[in-house]
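Chemist: Okay, predicted coordinates and the sequence, questions at the end:
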Amino acid sequence: MDALKEMHKRVVLLAPDKVLLPEGVRSGFGVRVEGGMITAVGPMEQFAGQDLPVCALKRRLLMPGFIDAHHHVTQTFGKSLVFGEPSEIFKRVWVPMEQYMDAEAIDVATRLAAWESLRGGFTTVADAGTRATVGMEIVADAVSAVGLRCVLGVICNDLQGGQSVASKEEILQLAQHHLHRWGASPIIHPSLAISIPEAASDEVLVAVTQLAREAHVAFQTHLNEHLAAVERSLVATGLRPLQRLGHLGAIGPELLAAHATLLTPDEITLMRDSGAAVSYNPVASVWKGNAVAPALLLSELGVRLGLGTDGTRSDAFRLMDAAETAQRLAYTMASGDSSSGGGWRWLDMGLQGGADAVGLTNKVGVITPGAYADMLVVNLDVPELVPSWDLEWELVRLANRDQIESVIVHGRLRLDRGMPVDWDGSALMDRARTLAENIVASAPIHRINPLASEHRAQWGARHP
């Protein structure tokens, strides 16, 4: 622990029992970390004779931190308010809530989300942008203070309810400013976003896509997620959301499509041929979706795929389990495919696949020279993993976040057994409780279904 605490100040050789490399789990390997980067990986014999402090990690797995390819870091104050709610909760919960959040509330909510993400094993998240009126520096400063790497989207909508709310020039000025303002940060990576395609005119959709393409950053949008959104697009334009992007030429390797659950065969072909990426969000599909993205089919066809939480719960191990389970129930059970991805696929999708999807290939989600030192120390000395026959499968189905002992981002220890090492987590939770209570009481949030206690009472009244 002491050695990990000081690793950002010196060159360190990490010596775990096992290390997860791109080709799989290996034993007897060392990982050299310097200046926030992984500088060497190889058998321990490779480092013999080098005068390096060695941090032995007995019965521990050293693995890359996970990538959450789709998050909303400013929405943590809502949480269970959206449980049991039908699909388009952004209209009835998230937008009303965020509009009542000032700079302090956004700061606290974002810090809380960042802490949750790190506790769950995510060292990088792609944030799809906030509708709050505060500046993006509030979000960037908050995730940076907690130590979470963030692909930070700025929303470039020019329409609201079909009416113009900004000019193309204003949107492009906003986007350009966002792309160039984070150069001094080692863990903030800019991205452009449009909430849903219908929130932008054709002209702005094309311009923002082109700008992201030229800047080699991700362009994030919620795409073909719900039946209502698909139908609205058909009524307004005669095209489904993804078809509209294709018609405009606003689809390419820069696109990070969140959800993509409702895909026709020609849309799947369009995704494959364009080089676009998908954030597969299985928990969001289960909790409030209309369908499950055909992730295994997309993967087999070569579509780039990462795993995302959509801000549901920041637990990477449960996310992988959900990813496999959703595919099994929605697709592979009926065809007798008992492998359903073979275990490793969901692990890779949460690591290298997520890195590729968010535009950080070979920089995160992998332990290799030249990558950022974003890693997890996972305790293998637990009954759930004894005996261990297939660790990659076991990580998907049996591992849990309680086994994450250390979370390292950019070569710096950020959490020890789920708790921050250099700031007061209890004080943050106290402040979050107070702020969330005030905001939720004030915001015009509209729930369709009752809370669990109310639902029980209603059921009891019908079944005396």
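Modeler: Perfect, I can see it now.
Chemist: Going by C-alpha atoms from here, please, whenever you check contacts or count neighbours.
Modeler: OK.
Chemist: what sits against V396?
Modeler: 317-318, 320-321, 343, 346-347 (CA atoms under 8 Å, 6 or more residues apart in numbering).
Chemist: hmm, who's touching stretch 322-334?
Modeler: By CA under 8 Å, 6+ apart, stretch 322-334 touches 280-283, 286, 292, 294-296, 307, 338, 340-341, 343, 346.
Chemist: can you rerun that using 7 Å?
Modeler: Contact with stretch 322-334 is made by 282-283, 292, 340, 346, as judged by CA atoms under 7 Å, 6 or more residues apart in numbering.
Chemist: Out of those, which is nearest to L451?
Modeler: Relative to L451, the closest of the contacts of stretch 322-334 is V283; by CA to CA it sits at 19.7 Å.
Chemist: give the contact list for that closest one.
Modeler: So V283 contacts 309, 312, 322 (CA under 7 Å, 6+ apart).
Chemist: just to revisit the earlier point, dump the contacts of stretch 322-334 to a markdown table, plus distance to P420, secondary structure and pLDDT.
Modeler: Formatted as a markdown table, the contacts of stretch 322-334 follow (distance: CA to CA, whole Å; DSSP: H, G, I helix; E, B strand; the rest coil; pLDDT from 0 to 100):
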| residue | distance to P420 | secondary structure | pLDDT |
| --- | --- | --- | --- |
| P282 | 29 | helix | 98 |
| V283 | 27 | helix | 98 |
| V292 | 35 | coil | 97 |
| S340 | 37 | coil | 94 |
| W346 | 28 | helix | 98 |
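Chemist: Now flag whichever of the residues you listed is closest to R447.
Modeler: V283 (19.9 Å).
Chemist: separation between that closest one and L398?
Modeler: Going from V283 to L398 by CA to CA, to the nearest Å gives 17 Å.
Chemist: so S87 makes contact with V286?
Modeler: No - here S87 does not reach V286: they are 10.5 Å apart, not a contact under CA atoms under 7 Å.
Chemist: and these two? which has more neighbours close in?
Modeler: S87 (18 against 13; other CA atoms under 10 Å).
Chemist: can you tell me how far the more buried one sits from V93?
Modeler: 11 Å.
Chemist: where do the helices sit along the stretch 151-300 of the chain?
Modeler: When assigned using DSSP state H, counting those that start in this stretch, the helices of the stretch 151-300 of the chain occupy the ranges 168-180, 202-215, 227-237, 241-248, 265-274, 282-288, 295-300.
Chemist: Adding distance to I106, write those out as TSV.
Modeler: As requested, the helices of the stretch 151-300 of the chain are exported to TSV (distance: least, CA to CA, whole Å):
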stretch	distance to I106
helix 168-180	18
helix 202-215	25
helix 227-237	27
helix 241-248	30
helix 265-274	34
helix 282-288	23
helix 295-300	33
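Chemist: Of all the ones you listed, which one comes closest to A432?
Modeler: helix 282-288 (23.8 Å).
Chemist: Show me how the record splits the protein into domains.
Modeler: The chain is divided into the following domains under automatic domain parsing: 2-64+365-420, 66-358.
Chemist: L428 is nearest to which of these?
Modeler: That would be domain 66-358 among these, by CA to CA, at 7.1 Å.
Chemist: Check the separation of the first and last residues in the closest one.
Modeler: Termini of domain 66-358 sit 12 Å apart (CA to CA).
Chemist: Let me know the pLDDT of the residue nearest to L57 when sequence neighbours are not counted.
Modeler: Once flanking residues are discounted, L57 sits nearest to P16: 4.3 Å by CA to CA, 6 or more residues apart in numbering. P16 carries a pLDDT score of 97 in this model.
Chemist: same thing with M1?
Modeler: Each residue has a pLDDT score; the one for M1 is 59.
Chemist: any idea which residue sits dead centre in the protein?
Modeler: Centroid check for the chain by CA atoms, centre = their mean gives D68 as the closest residue, at 1.9 Å.
Chemist: Helix or strand next in line after the helix or strand hosting that one, which one?
Modeler: Per DSSP states H and E, D68 falls inside strand 66-71. Sequence order places helix 89 as the next helix or strand after strand 66-71, per DSSP H and E.
Chemist: quick check: mean pLDDT across that next one?
Modeler: Rounded mean pLDDT across helix 89 is 91.
Chemist: same deal with stretch 121-128?
Modeler: Mean predicted confidence for stretch 121-128 is 98.
Chemist: Quick check: beta-bridge partners of Q163?
Modeler: Counting by DSSP bridges, Q163 forms beta bridges with Q160.
Chemist: about what we covered before: please tell me how far the residue nearest to L57 sits from F317.
Modeler: 20 Å.
Chemist: helices or strands up against whatever helix or strand A40 lives in?
Modeler: Here A40 is covered by strand 37-43, with elements defined by DSSP H and E. Packing partners of strand 37-43 (3 or more CA pairs under 7 Å, 6 or more residues apart in numbering; DSSP states H and E): strand 29-34.
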